[in-house]
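Asker: dropping a prediction and its sequence here:
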Amino acid sequence: FLMTEGIITSEKLEALRKEVDDEVNKAADIAIETPQPAPESALRNVFSPDVDPTDRSLFDTEEGAELSGNPGTMVDLINRCMHEEMERDPRIVVFGEDVADCSREEYLERVKGKGGVFKVTANLQRKFGSARVFNSPLAEANIVGRAVGMAIRGLKPVVEIQFFDYIFPAMMQIRNEVALTRWRSDGDTTCPMVMRVPVGGYLKGGAVYHSQSGTTLFAHTPGLMIAYPSTALDANGLLRTAIRCDDPVLFLEHKHLYRQIYNKSEYPSKDFLIPFGKAKKVREGNDVTIVTFGALVERSNQAAKRLEQQGITVDLIDLRTLVPYDWEAIAESVKKTSRVLVAHED
């Protein structure tokens, strides 16, 4: 075709073929001559060596944080955090299914706007424009795959998978690209992003496509951090840390907790941060340790209150992040109680 259309001659085509063959052969020779990596390098660059979200000197402003305003729900405080972080960092782009206020920007002033099926991203498009906040096709592999390219090019995608149950079309992208880009390039290429995902059950009408948890699948994926808040305030601080760290983060938001009354909070400052790997002691006790997260924190707390009436006291730990895990908090508690119960939805 190229020769028929006069785009290239047979001589130039042969020269191009030889040039490509030479380049491939040289690369193959380099690969063959390169020694196998040292075993001790196997864990190098799984996560960023430069930005550590577990560093409490950099990512912990929790103690003594000043709060103000009327108490807001988890939806409210996540939304506030995203507004503030997009104001701070112009690299942040937000997209996913129905996350924009309006698909066609010219109608923004004529419609109430959507901002996600749970309204978590409401008014972001109005504030920051359609170039930074936009709807995606109904294709999770497209959402995550596009975010990979943006992250590698220096943007900071904060994408939404509408329900955890639909994350599986993006499994290859998450497992093989998002989580492993830094490691397989030995740090030459990075892929920092946040994937916000409504998750979990305890809502009527959820059934099989709107109730799954599945945290264990991703907790065993090297290179991927996981945050799972149980309160509005924790969601705000953990999301801000997730956005500011330099690794990919799966940010799980339990649907049952979005608009609960008991976990509401006043609003923190624009620099409120909760470090990863820092569990929270919800209840002090001496007889048994309960380790949990998400919606089961309050359910475990209610169970602990009943046990207390029987003379059994519970040390209740909210992990807040699943990767990394706060082993020290767990060990300290179990040394005291000598008994441990892990409560989770999977």
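Answerer: Done, it's in. Numbering: from 1, shown residues only.

Asker: where along the stretch 201-346 of the chain do the helices fall?
Answerer: Using DSSP state H, counting those that start in this stretch, the helices of the stretch 201-346 of the chain run over 215-219, 232-244, 296-308, 327-337.

Asker: now do the contacts for Met193.
Answerer: Residues in contact with Met193 (Cβ atoms under 8 Å, 6 or more residues apart in numbering) are Ala147, Val148, Met150, Ala151, Lys156, Pro157, Val158, Val159, Val178, Pro248, Val249. For every residue, glycine as well, the C-beta is placed using N, CA and C.

Asker: residues near the third one, how many?
Answerer: The tally of other residues near Met150 (other Cβ atoms under 10 Å) stands at 18.

Asker: nearest spatial neighbour of it, skipping sequence neighbours?
Answerer: Among residues not flanking Met150 along the chain, Pro157 sits closest, at 4.9 Å (Cβ to Cβ, 6 or more residues apart in numbering).

Asker: same check on the last one?
Answerer: Excluding the flanking residues, the one nearest Val249 by Cβ to Cβ, 6+ apart is Ala242, at 4.0 Å.

Asker: surely the one you found and Val194 touch.
Answerer: Yes. Using Cβ atoms under 8 Å, Ala242 is in contact with Val194, at 4.9 Å.

Asker: overlap of the contact sets of the two?
Answerer: Shared contacts of Ala242 and Val194 (Cβ under 8 Å, 6+ apart): Val249, Phe251.

Asker: and the helices in the stretch 1-150 of the chain?
Answerer: In the stretch 1-150 of the chain, the segments counted as helices under DSSP H, counting those that start in this stretch are 10-33, 56-59, 74-88, 124-128, 140-152.

Asker: Val291: which of the ones you listed is closest?
Answerer: Closest to Val291 of the helices of the stretch 1-150 of the chain is helix 56-59 (Cβ to Cβ; 20.5 Å).

Asker: buried set for the closest one?
Answerer: Within helix 56-59, the residues scored as buried using 16 or more other Cβ atoms under 10 Å are Arg56, Phe59.

Asker: so what touches it?
Answerer: Asp52, Pro53, Thr241, Arg244, Cys245, Leu273, Ile274, Pro275, Phe276, Lys278.

Asker: what subset of the residues you listed is buried?
Answerer: For those, a burial check counting by 16+ other Cβ under 10 Å picks out Asp52, Pro53, Thr241, Arg244, Cys245, Leu273, Ile274, Pro275, Phe276, Lys278.

Asker: please report how far the second one lies from Pro192.
Answerer: Distance, Pro53 to Pro192, by Cβ to Cβ, to the nearest Å: 11 Å.

Asker: just Tyr258 next, same as before
Answerer: The gap separating Tyr258 from Pro192 is 26 Å, by Cβ to Cβ.

Asker: which of those two has more neighbours?
Answerer: Neighbours per residue (other Cβ under 10 Å) separate Tyr258 from Pro192, with Pro192 holding more: 24 against 20.

Asker: quick one: neighbours of the nearest residue to the more buried one once chain neighbours are set aside, just the number.
Answerer: Sequence neighbours aside, Asp246 is the residue nearest to Pro192 in space, at 4.8 Å (criterion: Cβ to Cβ, 6+ apart). Look at Asp246: counted by other Cβ under 10 Å, it has 16 neighbours.
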